[in-house]
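K.L.:
quick check, what structure comes out for this input:
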Amino acid sequence: MPEHAEPPQTPAPGSAAAGPRASRRPVKAVLFDFHGTLAQVEEAREWVLAAAATCGVALERARATALADRLLTAGRAGGPLPARVPPRLAELWADRDLYPHAHRGAYTGLAETVDAGIDGFAEALYERLLVPDGWVPYPDARPTLGALREAGVRVAVVSNIGFDIRPHFAAWGLADLVDAFVLSYEVGRCKPDPAIFWRACGMLGVDPEQALMVGDTPADAGAVAAGCAVLVLPAAEAGRENGLGAVLDLALPA
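P.N.:
Residues are numbered from 1 along each chain as shown. Take a look at the predicted model:
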């Protein structure tokens, strides 16, 4: 999900950032970001079509495309940051990853700035986030998580988010490959705050120096300040591999 402040340092995309020590460290746990790392939101036009259908409206695809473009500019959860946050939404926006009501209020409020002429449309758009069908796990997520599980490497999902993603992993058949979910709205800390990474390591029973954080944003790279190694990968479009196999090169013994 959209992240908060910038971390103190940022590695180049696709590179492993050294932690406190430059030498290769044994990895006993991998912490994964959710959005942009393990899964991607559905394509924007399909998102709009599905939400409109929930409201009993069958949109023409051309109109759906135009609405999707406007909604992306306004700000989509799991999509680009808004070009502008209206003052009335500023407080909700600041707290969006800490409280479910703020997350919903911020994103439905942004969607309401786009006049679609469909009753209940903003809420329907938001509800797509809450169901597994509104997301697409990256095709390399399952084999990567499976290989880590087979090797005995513990796994946590660490996400700045305002709702529970456990049902998504269960629906995708991935829940048994994750040992812990560390969600900002549940733990009261957001990346890049080192505390959220320390919490994840504590839940997995490993020292931060034994953990690798994998994400796609500068906020994920904030794990360096917590003592973790970091791998930053570029987010890919839904349905395309995003290079998660690189995790195995770093985490598993040669």
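K.L.:
roughly how far apart are Gly173 and Arg240?
P.N.:
Remark: distance between Gly173 and Arg240 (Cβ to Cβ, to the nearest Å) = 20 Å. Every residue, glycine included, has its C-beta placed from N, CA and C.
K.L.:
between those two, which one's more packed in?
P.N.:
Arg240 (13 against 10; other Cβ atoms under 10 Å).
K.L.:
and the pLDDT for the more buried one?
P.N.:
On the pLDDT scale, Arg240 is placed at 85.
K.L.:
the helices in the stretch 1-150 of the chain, which residues?
P.N.:
Here the stretch 1-150 of the chain has its helices, by DSSP state H, counting those that start in this stretch, at 44-54, 61-74, 90-94, 100-112, 121-127, 141-151.
K.L.:
swap in the stretch 151-254 of the chain?
P.N.:
Assigned by DSSP H, counting those that start in this stretch, the helices in the stretch 151-254 of the chain fall at 166-171, 184-187, 194-204, 218-221, 245-251.
K.L.:
among the ones you listed, which comes closest to Gly109?
P.N.:
Closest to Gly109 of these is helix 184-187 (Cβ to Cβ; 17.5 Å).
K.L.:
give the contact list for Leu67.
P.N.:
Leu67 makes contact with 48, 59, 114, 116, according to Cβ atoms under 8 Å, 6 or more residues apart in numbering.
K.L.:
and the furthest pair within the residues you listed?
P.N.:
Leu59 and Val114 (13.4 Å).
K.L.:
ok, the spatially closest residue to Val27 that is not a sequence neighbour - contacts?
P.N.:
Nearest-residue entry for Val27: Ala251, 4.2 Å, with adjacent residues in sequence omitted and distances by Cβ to Cβ, 6 or more residues apart in numbering. Listed by Cβ under 8 Å, 6+ apart, the contact set of Ala251 reads 27, 30, 148, 151, 153, 212.
K.L.:
how is the protein divided into domains?
P.N.:
16-38+138-251, 41-134 (automatic domain parsing).
K.L.:
ok, back up a step: now neighbour count and distance to Arg128 too, for the contacts of Ala251, in a markdown table please.
P.N.:
Below are these laid out as a markdown table (neighbours: other Cβ atoms under 10 Å; distance: Cβ to Cβ, whole Å):
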| residue | neighbour count | distance to Arg128 |
| --- | --- | --- |
| Val27 | 22 | 35 |
| Val30 | 26 | 28 |
| Leu148 | 23 | 29 |
| Ala151 | 12 | 35 |
| Val153 | 24 | 33 |
| Leu212 | 22 | 31 |
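K.L.:
can you lay out the residues you listed as JSON lines showing pLDDT and distance to Ala200?
P.N.:
As requested, those are arranged in JSON lines below (pLDDT from 0 to 100; distance: Cβ to Cβ, whole Å):
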{"residue": "Val27", "pLDDT": "94", "distance to Ala200": "14"}
{"residue": "Val30", "pLDDT": "98", "distance to Ala200": "10"}
{"residue": "Leu148", "pLDDT": "97", "distance to Ala200": "15"}
{"residue": "Ala151", "pLDDT": "96", "distance to Ala200": "19"}
{"residue": "Val153", "pLDDT": "97", "distance to Ala200": "14"}
{"residue": "Leu212", "pLDDT": "97", "distance to Ala200": "11"}
